[in-house]
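In: Here's a sequence, model it:
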Amino acid sequence: MEEKLYQIALTLIPQVGPITARNLISYCGGARAVFENRKKALLKIPGIGEQMCEYILNKQVLAVAEKELQYVQENGISVLSYLDADYPSRLKPFPDSPSLLYYKGKASLNAQRHIAIVGTRKPTPQGIRLCEDLVADLKPYGVTIISGLAYGIDVTAHKNCLVEGIPTIGVLGHGLKEIYPPQHKKVAMEMIEKGGLLTEYPSDMRPDREHFPMRNRIVAALCDALVVVETQRKGGSMITADLANTYNKDVFAYPGRIKDKTSEGCNLLIKSHKAALIESASDLSYIMRWDLLDAKRKVQQQLFIELDEREKLIVALLEKEESASIDQLTSKANISGSVMAAILLELEFKGVIKPLPGNRYVRI
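Out: Here you go, the predicted structure:
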């Protein structure tokens, strides 16, 4: 728990973002070691200047971190470092992912299938129906649904998950001491029991405007696929969709009528090949090959395929996950990207694995 104190303190230092925090921990050998290092040693770390050294050596943040640690312990909040086993595995490959997360809830952050649903804050009645139908139709696939607890499509997705008994996780742009917007507090409290609330911000952090675009990168990285229901050409949903494409996630969008402002963004994503057109959950499941994944569980595994040690390692990793990206496999197996690509191709030839959209692979 002492290391948690220093992990929290590190994120409270001005100018220290996720990348800098990782560099400091890597060079110093741990969060506590950062604060115990001498100025001369800190200045040798790339990107660390005089001002940041002063912030670290001042150590005033440790007192603030102690209060934060006490609050999270008293309120059942988990503090997850990127070094922890239960940190979301989908976030780990990306350098801009938070070095520390605060989580309150019961749903797993590493469930087999994560779908993010985003959209406009002012949906049409048709958009609301599409979102409701999508959530209900996704239930048989054993998904966890992620969104941002905002007005409109976000909260519609969360509410219908609660009705359908689907785990749902809200990613917040503020600390867990309050809920924004306050009108969604009741929904949020239910989500803690049947899903969870996740944020990179300490408990007292207010919902400032600049936090929400930052929140969107977590939504995009935490999902296997992102669905945009309704959106205009500009806004948080389009930012999230662009981020999901950057992260090699599968992006889907519902088409809308020409010149309908609430569908302009969706139509643009489809037209520019940044999203696949869908009309229902079955379209999504077909593209994600989830029907094949369900069928594979009913088929007896092949018993007599000869695999070398590295192939066995990759197969073992895939058996622990519903699917995994080549980056995740490379990181976990400690094998170079070029060698990993050759191993995966050989396993495909042997009929042991299948490729999925977004450079992901699944065990057959």
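In: going forward, measure contacts and count neighbours with C-alpha atoms only.
Out: OK.
In: how many neighbours does the residue nearest to residue 353 when sequence neighbours are not counted have?
Out: Spatial nearest neighbour of residue 353, chain neighbours left out: residue 363 (4.5 Å); criterion: CA to CA, 6 or more residues apart in numbering. Residue 363: 24 surrounding residues under other CA atoms under 10 Å.
In: and the gap between residue 363 and residue 344?
Out: Distance of residue 363 to residue 344, computed by CA to CA, to the nearest Å: 11 Å.
In: sorry, back to before: which ones are touching the residue nearest to residue 353?
Out: With contacts defined as CA atoms under 8 Å, 6 or more residues apart in numbering, residue 363 is in contact with 315, 318, 319, 322, 323, 352, 353, 354.
In: Might one say that the fifth one is in contact with residue 364?
Out: If I follow you right, that is residue 323. No. Using CA atoms under 8 Å, residue 323 is not in contact with residue 364, being 10.4 Å away.
In: Identify the contacts common to residue 363 and residue 344.
Out: Joint contacts of residue 363 and residue 344 (CA under 8 Å, 6+ apart) are residue 353.
In: For the stretch 51-200 of the chain, just list every one of the helices.
Out: Remark: helices assigned in the stretch 51-200 of the chain by DSSP state H, counting those that start in this stretch are 61-74, 125-138, 153-164, 185-194.
In: Let me see the mean pLDDT of the last one.
Out: Per-residue pLDDT values across helix 185-194 average out to 96.
In: now swap in the first one and tell me
Out: Mean pLDDT, computed over helix 61-74, is 94.
In: hmm, back to that, shared neighbours of residue 323 and residue 364, anything?
Out: Between them, residue 323 and residue 364 share no contacting residue, judged by CA under 8 Å, 6+ apart.
In: which of the contacts of residue 363 sit farthest apart?
Out: 322 and 352 (14.1 Å; CA to CA).
In: Comparing those two, which shows the higher neighbour count?
Out: Between residue 322 and residue 352, counted using other CA under 10 Å, the more crowded position is residue 352 (18 against 15).
In: who's in contact with that one?
Out: Contacts were defined as CA under 8 Å, 6+ apart; by that measure residue 352 touches 315, 363, 364.
In: ok, so of those, who is nearest residue 90?
Out: residue 363 (17.6 Å).
In: on that earlier part again, go through the helices of the stretch 51-200 of the chain and pick out the most buried.
Out: helix 153-164 (a mean of 22; mean count of other CA atoms under 10 Å).
In: now that helix and helix 125-138, what's the angle there?
Out: 40 degrees (axes from the mean of the first three to the mean of the last three CA atoms, to 10 degrees).
In: pLDDT of helix 153-164, averaged?
Out: 97.
In: counting contacts, what elements does it pack onto?
Out: strand 114-118, helix 125-138, strand 144-147, strand 168-171, helix 185-194 (3 or more CA pairs under 8 Å, 6 or more residues apart in numbering; DSSP states H and E).
In: Give the pairing partners of the first one; include direction for each.
Out: Paired neighbours of strand 114-118 in the sheet (DSSP bridges): strand 144-147 (parallel), strand 225-228 (parallel).
In: quick revisit: ok, now how distant is the residue nearest to residue 353 from residue 318?
Out: Applying CA to CA to residue 363 and residue 318 gives a distance of 6 Å.
In: Next: residue 225.
Out: Distance from residue 225 to residue 318, by CA to CA: 18 Å.
In: quick one: which of those two has more around it?
Out: Set side by side, residue 225 and residue 318 show more neighbours around residue 225, with 24 against 19, by other CA under 10 Å.
In: how far away is that one from residue 90?
Out: 12 Å.
In: Check whether residue 164 really touches residue 137, as I assumed.
Out: No. With contact defined as CA under 8 Å, residue 164 does not count as touching residue 137 (9.7 Å).
In: picking that back up, the helices of the stretch 51-200 of the chain into JSON lines, with extra columns for distance to residue 288?
Out: Formatted as JSON lines, the helices of the stretch 51-200 of the chain follow (distance: least, CA to CA, whole Å):
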{"stretch": "helix 61-74", "distance to residue 288": "37"}
{"stretch": "helix 125-138", "distance to residue 288": "12"}
{"stretch": "helix 153-164", "distance to residue 288": "20"}
{"stretch": "helix 185-194", "distance to residue 288": "25"}
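In: among those helices, which is nearest residue 284?
Out: Using CA to CA, the helices of the stretch 51-200 of the chain put helix 125-138 closest to residue 284, at 9.2 Å.
In: Mind giving me the packing neighbours of that closest one?
Out: Helix 125-138 packs on helix 153-164, helix 281-287, going by 3+ CA pairs under 8 Å, 6+ apart.
In: mean confidence for that helix?
Out: Per-residue scores along helix 125-138 average to 96.
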